[in-house]
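Colleague: Okay, sequence plus prediction incoming.
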Amino acid sequence: MRMPLFARGLLSSLLLLSPTISAASQTKPFSAYDAEAKELLAQMTLEEKVGQMIQPDFASMRDKTDIQRYYLGSVLMGGGSDPQAGNNLQAWTDVYDHAQGMALKTRLGIPLLFGVDAVHGHSNVLGAVIFPHNIGLGCTNNPDLVEKIARITALETRATGIQWTFAPCVTVVRDERWGRTYEGFSEEPKIASVLGAAAVRGLQGSDLSDPLSIAACAKHYIADGGTVPISSMGRRGGQAGDNRNFGGTARATRSGVRIRLNAGDVPIDEETLRRIHLPPYIDAVNAGVATIMPSYSSWNGVKCTASKRLLTEILKEELGFQGFLISDYSAISMIDRSDYKGSIATAINAGIDMGMVPNRYAEFFNNLQQLVEEGTVPMSRIDDAVTRILRVKCVMGLLDKGRSQLADRSRWSKFGSDEHRAVARDAVRQSLVLLKNENKTLPLAKSAARIHVGGKSADDIGNQCGGWTVEWQGRSGDVTTGGTTILAAIKNTVSANTEVTFAADGTGGAGATVGVVIVGERPYAEGNGDDGDLELDEADVAAIDNMKAAGIPVVVILISGRPMVVTDAIEKADAFIAAWLPGTEGQGVADVLFGDYKPSGKLSFSWPRSVDQLPINVGDENYDPLFAFGYGLRY
Ligand code: BGC
């Protein structure tokens, strides 16, 4: 029998240490800039103040002069929002400069904060280095590496002028059926806390005013990874173009298990919430995180975006968070779909400081002013929100006179550089977890006569990178920045006399020295990845069977955003590697395969044995995973 969530929380707390206190990334606290921010605030009209609190999606703004018309404080380019001129370094930099140039021409000339989801590298931009998604980094459990990756992400992001990323995701994932599992480092708070704080330090640098630092955003506050499944859901409406996260129907999976976890409810008491889901935020705040994004999900039926308890009392008053809160994409519209104005009042009064309102910004602008004039939202709340936003801008040097706020194009030279790719390759090899290795199948000999490679993900950069890569959902195939597929990496590594053959369906292996099959999930993001059974598809099973039928030793490499229910495949394989979503640098996989790097990754998630075990977490009563949290073989 499974333990109730509350009891499970108690048990797992015994496994945890208290949150780490990390060195703050900016030298002075945000409040040290209070006087400067207030001086500017005193010059602002209500319109200008409200404008600072608005962040539309630049790509969906029909008239870009709206930046001036509404005195906007920020814009974003959400996943899949590409520059009209195409997806390349120059077009992205031009978009940044275009938007910033507009803001600089407003009466007060307050620069914009420009936000993107640089969540595993500057991952929207073609040519950027794509690092492993957080789940792989969780298995490295290496804060220095995570900090280094975040630093590079900041440099590549700044190369386009952009100074804010909606990262790190510090979720504690308690159900691997959730489509955002790979965005999290671990099912355990400790790893999420330590690595989350490391990412904040890397992104923000030792000083946020450094033009090579970018503002971080810890997300999604709180317990986004703690939702319970809703088995059937109808379609949820929304404004045209504003419906990216308004749900959709629960997905029927191969075994017919329908499930919906994304943006759901978290029915747990406050003590459990604090023990399991709060620690990463404590560490992020201590590390000086500039912004935090509340979750779409609800806590005991109340949406996080609407919860004064969570946003104001716990985060700002108790933890002393001095940065600002940015609502998630259209999350305000989701509070009460029939009453936008009321939803704005609820969100702002709960503590939201800036609204991510992709295309309802004009409505937001008018409604919020009315709400202030009517007395529904107190002026003091507006002043607090704007002060928080301006303080972050002050800390970042955005308000420094004489400092150019346009992109510094000399930074392009480092974008997607070999130096950055080398760090990503190192991250890949550290993130791989060796789950099985019979008869010393691995490491493979570089001088093997013939290596036969199979599986749909052997030669697929898109599958390797997963969601949030170039497009919001990611895409299979040759869609991303250069990079090296695993097949190419194997070819690069073997001796001149070794023959490498390939058949996606795994056939044709007879006579080879060894077979390597690379299978797993195709890219997805958010609710589209909610999956009730986590089993391999038929083509993957067939590819493994075909390879096996050749009577040769078989190595299976799983590309996936989470542990999957692959007990049969593991049994069939002689060696099995969980490679997660490694990104563009497939050479790191070959480093492990051929023994140039000895596997060191350890599971930051429990590995389930069967579908009916899902979800499974360390500390569960009758904990009986196929591989326990922390497992990982070496050579
Ligand atoms: C996601 C966030 C993301 C935002 C902006 C939302 O759909 O939940 O994680 O930062 O979009 O793209």
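Modeller: Noted; the coordinates are in hand.
Colleague: can you give me the strands for the stretch 201-350 of the chain?
Modeller: 217-221, 228-230, 251-252, 258-266, 291-294, 298-299, 302-303, 324-325 (DSSP state E, counting those that start in this stretch).
Colleague: can you pull the contacts of the nearest residue to Gly79 once chain neighbours are set aside?
Modeller: Once flanking residues are discounted, Gly79 sits nearest to Trp472: 3.1 Å by CB to CB, 6 or more residues apart in numbering. No exception for glycine: its C-beta is placed from N, CA and C like everyone else's. Trp472 sits next to Gly78, Gly79, Gly80, Arg244, Ala525 when contact means CB atoms under 8 Å, 6 or more residues apart in numbering.
Colleague: State the helix or strand in which Leu434 lies.
Modeller: Element membership of Leu434, judged by DSSP states H and E, is strand 433-437.
Colleague: Can you name the residues in contact with that strand?
Modeller: So strand 433-437 is in contact with 139, 442, 570, 573-578, 592, 599, 601-603, 607, 627, 631-635, going by CB under 8 Å, 6+ apart.
Colleague: returning to that earlier point: okay, the strands of the stretch 201-350 of the chain, which one's buried deepest?
Modeller: Stretch with highest mean neighbour count among the strands of the stretch 201-350 of the chain: strand 324-325 (a mean of 29; mean count of other CB atoms under 10 Å).
Colleague: For the residue of the stretch 501-635 of the chain found nearest the ligand, the count of nearby residues, please.
Modeller: Using CB to the nearest ligand atom, the closest approach of the stretch 501-635 of the chain to the ligand is made by Glu526 at 5.9 Å. Other residues lying near Glu526 total 21 when counted by other CB atoms under 10 Å.
Colleague: now do Lys316
Modeller: 22.
Colleague: That one and the ligand, how far apart?
Modeller: 21 Å (CB to the nearest ligand atom, to the nearest Å).
Colleague: Now that residue: closest residue in space, sequence neighbours ignored.
Modeller: Spatially, and ignoring its direct neighbours in sequence, Lys316 is nearest to Gly351 (6.2 Å; CB to CB, 6+ apart).
Colleague: quick one, strands of the stretch 501-635 of the chain?
Modeller: Secondary structure of the stretch 501-635 of the chain by DSSP E, counting those that start in this stretch: the strands cover 514-520, 554-559, 575-580.
Colleague: TSV please, covering these and showing mean neighbour count.
Modeller: Output for those, formatted as TSV (neighbours: other CB atoms under 10 Å):
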stretch	mean neighbour count
strand 514-520	28
strand 554-559	26
strand 575-580	27
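Colleague: In TSV, list those strands along with distance to Gln204 and mean pLDDT.
Modeller: Shown next, in TSV, are the strands of the stretch 501-635 of the chain (distance: least, CB to CB, whole Å; pLDDT from 0 to 100):
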stretch	distance to Gln204	mean pLDDT
strand 514-520	33	98
strand 554-559	31	99
strand 575-580	25	99
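Colleague: Per-residue pLDDT of the most centrally placed residue in the chain, please?
Modeller: Nearest to the mean C-alpha position of the chain, by CA atoms, centre = their mean, lies Glu183 at 4.1 Å. Per-residue pLDDT puts Glu183 at 98.
Colleague: Surely it is in contact with His133?
Modeller: Yes. At 6.6 Å, Glu183 and His133 qualify as touching, with contact defined as CB atoms under 8 Å.
Colleague: Give me the common contacts of these two.
Modeller: By CB under 8 Å, 6+ apart, Glu183 and His133 have these common neighbours: Val119, Trp468.
Colleague: before we move on, back to that, weakest of the strands of the stretch 201-350 of the chain by average pLDDT?
Modeller: Minimum mean pLDDT among those: strand 251-252, a mean of 48.
Colleague: Can you get me a residue count around Lys440?
Modeller: 10.
Colleague: Could you export stretch 326-342 as CSV, CA atoms only?
Modeller: Extracted in CSV, the C-alpha atoms of stretch 326-342 (Å, rounded to 0.1, in the frame of the first residue of the first chain):
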residue,chain,number,x,y,z
ILE,A,326,6.8,37.5,-12.8
SER,A,327,3.5,35.6,-13.5
ASP,A,328,3.7,32.6,-15.9
TYR,A,329,2.6,32.9,-19.5
SER,A,330,-1.1,33.9,-19.5
ALA,A,331,-1.4,32.5,-15.9
ILE,A,332,-3.3,35.6,-14.8
SER,A,333,-6.0,34.9,-17.5
MET,A,334,-6.3,31.4,-15.9
ILE,A,335,-7.3,32.6,-12.5
ASP,A,336,-10.9,33.3,-13.5
ARG,A,337,-11.4,32.9,-17.2
SER,A,338,-14.7,34.8,-17.1
ASP,A,339,-13.3,37.8,-15.3
TYR,A,340,-9.9,39.2,-16.5
LYS,A,341,-10.1,42.4,-14.6
GLY,A,342,-10.9,40.5,-11.4
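Colleague: Could you pull up the contacting residues of Thr181?
Modeller: Thr181 is in contact with Ile135, Val173, Asp175, Gly225, Gly529, Gly561, Arg562, Phe605, counting by CB under 8 Å, 6+ apart.
Colleague: mind listing what the spatially closest residue to the third one that is not a sequence neighbour touches?
Modeller: By that I understand Asp175. Of all residues not flanking Asp175 in the chain, Pro615 sits nearest, at 3.8 Å (CB to CB, 6+ apart). Neighbouring residues of Pro615 by CB under 8 Å, 6+ apart: Arg174, Asp175, Glu176, Arg177.
Colleague: cool, Leu203 as well?
Modeller: Residues in contact with Leu203 (CB under 8 Å, 6+ apart) are Ala150, Arg151, Thr153, Ala154, Thr165, Ala167, Pro168, Ser213, Ile214, Ala215, Ala216.
Colleague: Same list, the contacts of Thr181, but as JSON lines with pLDDT please.
Modeller: Output for these, formatted as JSON lines (pLDDT from 0 to 100):
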{"residue": "Ile135", "pLDDT": "99"}
{"residue": "Val173", "pLDDT": "98"}
{"residue": "Asp175", "pLDDT": "98"}
{"residue": "Gly225", "pLDDT": "98"}
{"residue": "Gly529", "pLDDT": "97"}
{"residue": "Gly561", "pLDDT": "98"}
{"residue": "Arg562", "pLDDT": "98"}
{"residue": "Phe605", "pLDDT": "98"}
